[in-house]
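Colleague: quick one, what's the 3D model for this:
(4 chains)
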Protein chains: 2
Amino acid sequence: MASFRAIKEEMERRIATRQWAPGATIPAEEELAREFGSARATVNRALQELARAGVVERKRKAGTRVALHPVREARFVIPLVRQEIEAEGADYRYALLSRRVEPAPELVRARLGLSGEFLHLRCLHLADGAPYQFEDRWINPASVPTALTESFAEISPNEWLVQNAPFSRADFSFRAARASASEAEILGLPAGEAVFVAERATFIGGAPVTLVRLVHPPGYVLRTSL
Amino acid sequence: MASFRAIKEEMERRIATRQWAPGATIPAEEELAREFGSARATVNRALQELARAGVVERKRKAGTRVALHPVREARFVIPLVRQEIEAEGADYRYALLSRRVEPAPELVRARLGLSGEFLHLRCLHLADGAPYQFEDRWINPASVPTALTESFAEISPNEWLVQNAPFSRADFSFRAARASASEAEILGLPAGEAVFVAERATFIGGAPVTLVRLVHPPGYVLRTSL
DNA sequence: GAGTGGTCTAGACCACTCA
DNA sequence: GAGTGGTCTAGACCACTCC
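Modeller: Residues are numbered from 1 along each chain as shown, chains lettered A, B, ... in the order given. Modelled structure (predicted):
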């Protein structure tokens, strides 16, 4: 009896020792199942996990090949701003700048694939009194109806949504940009300063939940390790 | 007949509509299998994927609950520059700007925890003839001795290291910055333009391998999804 | 057309954890 | 002890893709 974990480890070993060389096609599932004395489904599970990790590439009919350039994956945590700030030992404060229900602009339609009225929130997160993150958020009332009855005066949309709006898929993007006039004013920066912009769109079962743009002043660093 | 994808989507819908509320325990696999008219293994696969995505939490005997704090981690792939450029259908070119063996400056010592002579490479990656990424790299000859005999005239250190220098740990950081005078010149930008800077330090068994600083002109976006 | 991976089923046993 | 998820099997059919 061989567990799919044991089979996966043995396969990793063969790849590491180049017994299965980069670019080479490895035996078909059925043959491996015979070799390991297991069911094909078990071999299949091991191979699917390796494929997801980028160690092998699979195609029907063509078979399974050892990846030439193993794709490394990194993970990073998505912290609550508050936790991020408090972890640095700084004092966290939150301020709601505006709250409106309004039609989504083109940018939001493009990202979420939906038009109509959204709840639009703008707020500022401060660390020790200094602007740390400007949050510009659009919430889809069809997915999160209760958001319409929440004032967000005391709790940030960030924290509220974590508690009230699960999602199944999220798209992230990160870029550098020059601060717009309004962003510069809100963050207390000279116009055109280099800011770090993170954007996140979340969906639940295909329906858009929220789109948020987070703007950080210079000095902010997103870190991760592997 | 219900596919595990269809079942997963239906489950996401129930969570979205709060038919299954955050924190609530959902029916056991066997019961769901009866309801969907499928095998328990199929329901199990749908639930495992939801659990991996952080949408639900599962414990033996206790059952499956809708997660209160969905998703705390995102993953992103670390592509080779060349693949990144070619994936966009652009023409990739590489140019070595300089290659020297020299003492590590303070910044490198701080990041890698090691002083002494390093191989210092500066190069440029172009997409359709336009600067796409400026790479400033320091390689530890103690960890990668064969790097000293490689000219890097034809192959970028990026690709060469993937093939020749395994690593066991990596630290990443991402930030926005204003381009320095030399960076602006190399990338063909006005001085002070907002650039996206990625930094990566890699280690093998505790010994530093390489430190690289990658600078991208405005317009570059790091994407990931979950 | 044929080979290979993708998925589903029905049943079984195991492992963990709660009461 | 008992309930629930975790995994495995043996067999089947399907879907994609190469030839």
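Colleague: got the contact list for the residue nearest to A:Ala24 when sequence neighbours are not counted?
Modeller: The shortest distance from A:Ala24 to any non-neighbouring residue, by Cβ to Cβ, 6 or more residues apart in numbering or on different chains, is to A:Val66 (5.5 Å). The C-beta positions use only the backbone N, C-alpha and C, and glycine is treated the same way. Shown in contact with A:Val66 (Cβ atoms under 8 Å, 6 or more residues apart in numbering or on different chains): A:Ile15, A:Trp20, A:Ala21, A:Pro22, A:Gly23, A:Ala24, A:Ile26, A:Val55, A:Val56.
Colleague: these in helices, which ones?
Modeller: A:Ile15 (DSSP state H).
Colleague: from the contacts of A:Val66, pick the one nearest A:Pro79.
Modeller: A:Val55 (29.3 Å; Cβ to Cβ).
Colleague: which phi and psi does the closest one have?
Modeller: phi -80, psi -30 (degrees, to the nearest 10).
Colleague: my guess is it contacts A:Ala67. True?
Modeller: Yes - with contact defined as Cβ atoms under 8 Å, A:Val55 reaches A:Ala67; the gap is 5.9 Å.
Colleague: ok, how many other residues are close to the nearest residue to A:Arg175 once chain neighbours are set aside?
Modeller: Nearest non-adjacent residue to A:Arg175, counting by Cβ to Cβ, 6+ apart: B:Val221, 4.7 Å away. Using other Cβ atoms under 10 Å in any protein chain shown, B:Val221 has 12 neighbouring residues.
Colleague: mind checking pLDDT for whichever residue of chain A sits closest to DNA strand D?
Modeller: Residue of chain A nearest DNA strand D, by Cβ to the nearest atom of the strand: A:Ser3 (2.7 Å). What the model reports as pLDDT for A:Ser3 is 88.
Colleague: give the contact list for it.
Modeller: A:Thr42.
Colleague: please apply the same query to A:Ser115.
Modeller: A:Pro103, A:Ala104, A:Arg109.
Colleague: change it to 6 Å
Modeller: A:Ala104, A:Arg109 (Cβ atoms under 6 Å, 6 or more residues apart in numbering or on different chains).
Colleague: ok, A:Arg223 next?
Modeller: Contacts of A:Arg223 (Cβ under 6 Å, 6+ apart): B:Ser173.
Colleague: model confidence over the strand or helix carrying it, on average?
Modeller: Using DSSP states H and E, A:Arg223 sits in strand A:222-225. Mean per-residue pLDDT for strand A:222-225: 76.
Colleague: ok but A:Ala46 is inside a strand, no?
Modeller: No - counting by DSSP: H, G, I helix; E, B strand; the rest coil, A:Ala46 is not found in a strand; it is helix.
Colleague: what is the burial count for it?
Modeller: Neighbours of A:Ala46 (other Cβ under 10 Å): 24.
Colleague: quick revisit: tell me how far the residue of chain A closest to DNA strand D lies from A:Glu12.
Modeller: Distance of A:Ser3 to A:Glu12, computed by Cβ to Cβ, to the nearest Å: 14 Å.
Colleague: repeat for A:Glu29
Modeller: 17 Å.
Colleague: what about those two, which has more around it?
Modeller: The neighbour count for A:Glu29 versus A:Glu12, taken as other Cβ under 10 Å, is higher for A:Glu29 (19 against 15).
Colleague: just confirm that one contacts A:Arg40, I think it does.
Modeller: Yes - assessed by Cβ atoms under 6 Å, A:Glu29 is found in contact with A:Arg40 at 5.0 Å.
Colleague: touching, the residue nearest to A:Arg175 and A:Ala177? I think so.
Modeller: No - applying Cβ under 6 Å as the test, B:Val221 and A:Ala177 come out as separate, 10.1 Å apart.
Colleague: neighbouring contacts of stretch A:119-139?
Modeller: A:81, A:85, A:90-91, A:93-102, A:108, A:118, A:141, A:147, A:152, A:157, A:186-188, A:210-216.
Colleague: quick one: which of the residues you listed sit in strands?
Modeller: Assigned to strands by DSSP state E, the following of the contacts of stretch A:119-139 qualify: A:93-102, A:118, A:210-216.
Colleague: contacting residues for A:Arg82?
Modeller: A:Tyr92.
Colleague: now with 10 Å, please.
Modeller: Counting by Cβ atoms under 10 Å, 6 or more residues apart in numbering or on different chains, A:Arg82 touches A:Tyr92, A:Arg93, A:Tyr94, A:His125, A:Ala127, A:Ile155, A:Ser156, A:Asn158, A:Glu159.
Colleague: tell me the pLDDT of it.
Modeller: Value listed for A:Arg82 in the pLDDT field: 83.
Colleague: ranges for the helices of chain A?
Modeller: With DSSP H as the criterion, chain A has helices spanning A:4-16, A:29-36, A:40-52, A:81-87, A:106-112, A:157-164, A:181-187.
Colleague: could I get the ones you listed in JSON lines, plus columns for distance to A:Ala194?
Modeller: What follows is these, written out as JSON lines (distance: least, Cβ to Cβ, whole Å):
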{"stretch": "helix A:4-16", "distance to A:Ala194": "42"}
{"stretch": "helix A:29-36", "distance to A:Ala194": "51"}
{"stretch": "helix A:40-52", "distance to A:Ala194": "36"}
{"stretch": "helix A:81-87", "distance to A:Ala194": "20"}
{"stretch": "helix A:106-112", "distance to A:Ala194": "21"}
{"stretch": "helix A:157-164", "distance to A:Ala194": "24"}
{"stretch": "helix A:181-187", "distance to A:Ala194": "11"}
